[in-house]
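Trainee: Predicted model and sequence below, questions to follow.
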Amino acid sequence: MRIAFLGLGHMGLPMAVNLVRAGFDVTGFDVVPAAVDAARAASIPVAASGSDAAAGCDVVITMFPSGRHVIDAYRGAGDDPGLLAVAAPGALFLDCSTIAVDEARAAHELAVSASMRSLDAPVSGGVVGAENGTLAFMVGGAESDFEDALPILEAMGRRVVHCGEAGLGQAAKVCNNMILGVTQIAVAEAFVLGERLGLSHQALFDVASNASGQCWALTTNCPVPGPVPTSPANREYQPGFAGALMAKDLGLAAQALELTGVDARMGRLAGEIYTAFASGPGAGQDFSGIITTIRDDSPE
Ligand code: NAD
């Protein structure tokens, strides 16, 4: 089985490295020369173009910044025939990028109309999960294609969930991250309120982490230093999961809310809050750093 891996950025490169370590025959490509150099340094063979990498391949994996990149690469333009035109007949296209649900469905339709198979398989777990091969995959597409993809995904991740038909992997990702974005703000607001009321961080943590306020945003990603020594708050909010990525994901959630007409006021507001956060230094900080803006916006 020959695999093309396109998009060798922060996530893609370590994912490709894990595939090679697991014994898969991988050829990579990235449009950015520095990413190509890093891939070569990590012993990943790199082709001269995306189409060269994908030519005759049985599996084509993409790990791109956005849905536009995925659809453009599938289709091609000008001299570029596009990935769908060059892969082996009936090849499996695995898009691991985080993109909008409707874009994932459009990419799937393009693949099917080119007689290819496709799955959306976005991830959570960040760069550390990509490096350690412990990503969680949320997969949308046909059951038989999911079965075929499983050994590949299991070489890069630990938890692989089939969420349903095409697009539902992205749906699961957007719903999960909407919960995460909203709960991280709620936890941060509670700590700032506690501070103003004279409650210590540790006392609030000890109560809420053993009561109904318990959640990942509190017990793993605690936004104040101290109670959870491994949380980004203990290293000046170095990510972790950057504010820019949370703003992007909640933008995709807002698109899905628009598409479906769901009245999710908390999700929409969280998107606005992270967009403002990510327009400044918050872009590169862990999203739990949102607590600093809540303090700044709460004059004593
Ligand atoms: P990144 O920008 O580091 O990597 C994307 C790479 O794709 C870049 O190197 C870019 O040059 C390359 N690329 C774009 N178009 C291309 C094309 N046509 N052919 C070949 N290469 C192309 O981004 P990342 O942090 O690796 O994230 C990738 C995806 O994973 C995004 O959709 C992101 O939302 C998602 N994601 C990221 C994280 C994270 O913590 N970084 C976590 C979960 C999900």
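Mentor: Done, it's in. Residues are numbered from 1 along each chain as shown.

Trainee: The ligand contacts on the stretch 151-300 of the chain?
Mentor: 241, 245, 248 (C-beta under 6 Å from any ligand atom). Using the backbone N, CA and C atoms, a C-beta is placed for each residue, glycine as well.

Trainee: Columns secondary structure, neighbour count and pLDDT on top of those, output as JSON lines?
Mentor: Below are those laid out as JSON lines (DSSP: H, G, I helix; E, B strand; the rest coil; neighbours: other C-beta atoms under 10 Å; pLDDT from 0 to 100):
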{"residue": "241", "secondary structure": "coil", "neighbour count": "22", "pLDDT": "93"}
{"residue": "245", "secondary structure": "helix", "neighbour count": "19", "pLDDT": "96"}
{"residue": "248", "secondary structure": "helix", "neighbour count": "19", "pLDDT": "98"}
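
Trainee: Dump those residues to CSV, plus distance to residue 160.
Mentor: Below are those laid out as CSV (distance: C-beta to C-beta, whole Å):
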residue, distance to residue 160
241, 20
245, 21
248, 23
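
Trainee: Considering these, which is situated nearest to residue 220?
Mentor: residue 241 (11.0 Å; C-beta to C-beta).

Trainee: Run through the residues that contact that closest one.
Mentor: Residues in contact with residue 241 (C-beta atoms under 8 Å, 6 or more residues apart in numbering) are 126, 286, 287.

Trainee: If you rank those by neighbours, which is first?
Mentor: With neighbours taken as other C-beta atoms under 10 Å, the top of the contacts of residue 241 is residue 287, carrying 33 neighbours.

Trainee: Is it in contact with residue 246, as I believe?
Mentor: Yes - with contact defined as C-beta atoms under 8 Å, residue 287 counts as touching residue 246 (4.1 Å).

Trainee: who touches both of these two?
Mentor: Joint contacts of residue 287 and residue 246 (C-beta under 8 Å, 6+ apart) are 181, 184, 274.

Trainee: So which of the residues you listed belong to helices?
Mentor: 181, 184, 274 (DSSP state H).

Trainee: Buried ones only from the residues you listed, please, as a ChimeraX command.
Mentor: ChimeraX command restricting those to the buried ones, with burial defined by 16 or more other C-beta atoms under 10 Å:
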select :181,184,274
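
Trainee: want to throw the shared contacts of residue 287 and residue 246 into CSV with pLDDT?
Mentor: As requested, those are exported to CSV (pLDDT from 0 to 100):
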residue, pLDDT
181, 98
184, 98
274, 98
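
Trainee: hey, where'd the helices end up in the protein?
Mentor: So, for the chain - with DSSP H - the helices run 12-21, 33-41, 50-54, 67-75, 83-86, 101-113, 126-132, 143-154, 168-197, 201-208, 216-219, 243-260, 265-277, 290-296.

Trainee: just checking, what packs against the first one?
Mentor: On a contact count with 3 or more C-beta pairs under 8 Å, 6 or more residues apart in numbering; DSSP states H and E, helix 12-21 meets strand 2-6, strand 25-29, helix 33-41, helix 126-132.
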